[in-house]
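A.B. asks: Any chance you can model this:
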Amino acid sequence: MAITSGAQIIDAWAQPVLKEGFIPEVVRLFQQSGSAHLLGQNLSAAQLVEMMDNAGVDRVMLCAWHRPGTWVISNDTIAQFVRQFPQRFVGVAAVNLEKPVEAVRELKRAVTELGFKALRVVPWLWNRPPNDKLYFPLYATCIELDIAFCTQVGHTGPLMPSETGRPVPYLDEVALPEDVWPGQSALWNQFSATILGELCPAGSGDEFARGDPVKVFGGKRSSSLSTRLNQIANPTMTLVYLEW
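C.D. replies: As a prediction, the model looks like this:
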């Protein structure tokens, strides 16, 4: 589809339609939105692009999924789609939040080898809010790699507890600068330095504990994020740091 204006329509949160990419918690959402016919299907990259064209969507942030205990849609699967249509798909990584050393390694691989532009962690899926200590090595790695951290805020669509989606206080404790909330530095140091030090024995990881800004995108489906999404999709632009 030819882009006829300077503005692009970018879908901030999508994943391939795959039989093995089934997430039971979201079945109700598909049923209520009239998309239940897609459950249990396999759609090719070309079919997804055709659907995008029909809907007038220029680019899609195509997300991998990892839930506690298992992969749902792997980063390598997403990379296969992106390679077929690099001008239409932007890879968004997933990791195993509960294994921080493994998670940091996988995130670095997804960005440096697969070309992904962001990391997404869905708090309700893990029942861990964004200020949980397991996130902080990933925040530090996002800073190192200069990519965005994407998450979900507000009420949970699936029938799962919404507590983890509260931007206040959970995202506050991540996004506030150190001079406003001094406790942030302690969180960075206590856990991130340990994990990153294990990955990089030559350094403790303290270089990521200096209050560098985390680029957080806390999205709801109704959010207007066109400018910010363009900044993720277009590597020549500078990302803003926060959107709720």
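A.B. asks: Okay, now the unreliable bits of the chain?
C.D. replies: 1-6, 177-244 (pLDDT under 70).
A.B. asks: would you list every one of the helices in it?
C.D. replies: Using DSSP state H, the helices found in the chain span residues 27-33, 45-55, 75-84, 100-112, 123-126, 136-145, 172-175, 183-187, 193-199, 226-233.
A.B. asks: Those helices: which one's closest to residue 18?
C.D. replies: Closest to residue 18 of the helices of the chain is helix 75-84 (Cβ to Cβ; 7.4 Å). All C-beta atoms are positioned from the backbone trio N, CA, C, and that covers glycine.
A.B. asks: now the angle between helix 45-55 and that closest one, please.
C.D. replies: 70 degrees (axes from the mean of the first three to the mean of the last three Cα atoms, to 10 degrees).
A.B. asks: For helix 75-84, buried residues please.
C.D. replies: In terms of neighbour count (16 or more other Cβ atoms under 10 Å), helix 75-84 has its buried residues at 75, 77-79, 81-82.
A.B. asks: and if you look at stretch 103-121?
C.D. replies: Buried residues in stretch 103-121, counted by 16+ other Cβ under 10 Å: 103-104, 106-108, 110-111, 114, 116-121.
A.B. asks: Export these to CSV and append columns for distance to residue 42.
C.D. replies: What follows is those, written out as CSV (distance: Cβ to Cβ, whole Å):
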residue, distance to residue 42
103, 28
104, 31
106, 24
107, 27
108, 30
110, 23
111, 27
114, 21
116, 22
117, 25
118, 25
119, 26
120, 22
121, 26
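A.B. asks: tell me which of the residues you listed is nearest to residue 144?
C.D. replies: The closest of these, once distances to residue 144 are taken by Cβ to Cβ, is residue 108, at 8.3 Å.
A.B. asks: Tell me the spacing between that closest one and residue 83.
C.D. replies: 19 Å (Cβ to Cβ, to the nearest Å).
A.B. asks: Of all the helices of the chain, which one comes closest to residue 20?
C.D. replies: Per Cβ to Cβ, nearest to residue 20 of the helices of the chain: helix 75-84, 8.7 Å.
A.B. asks: Now do the closest one: everything it contacts.
C.D. replies: 15-16, 18, 21, 45-46, 48, 62-64, 89-94, 106, 109-110, 114-116 (Cβ atoms under 8 Å, 6 or more residues apart in numbering).
A.B. asks: If any of those are buried, put those into a PyMOL selection.
C.D. replies: To isolate the buried members of the contacts of helix 75-84 in PyMOL, using 16+ other Cβ under 10 Å:
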select buried, resi 15+16+21+45+48+62+63+64+89+90+91+92+93+94+106+110+114+116
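A.B. asks: on that earlier part again, quick check: which of the helices of the chain is nearest to residue 11?
C.D. replies: Per Cβ to Cβ, nearest to residue 11 of the helices of the chain: helix 45-55, 7.6 Å.
A.B. asks: Any chance you could give me the closest one in PDB, C-alpha atoms only?
C.D. replies: Extracted as PDB, the C-alpha positions of helix 45-55 are listed here (Å, rounded to 0.1, in the frame of the first residue of the first chain):
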ATOM      1  CA  ALA A  45       3.100 -12.900   6.600                       C
ATOM      2  CA  ALA A  46       1.500 -12.100   3.200                       C
ATOM      3  CA  GLN A  47      -2.000 -12.600   4.600                       C
ATOM      4  CA  LEU A  48      -1.200 -10.300   7.500                       C
ATOM      5  CA  VAL A  49       0.000  -7.600   5.100                       C
ATOM      6  CA  GLU A  50      -3.200  -8.000   3.100                       C
ATOM      7  CA  MET A  51      -5.200  -7.500   6.200                       C
ATOM      8  CA  MET A  52      -3.200  -4.400   7.100                       C
ATOM      9  CA  ASP A  53      -3.700  -3.000   3.600                       C
ATOM     10  CA  ASN A  54      -7.500  -3.600   3.900                       C
ATOM     11  CA  ALA A  55      -7.500  -1.800   7.200                       C
END
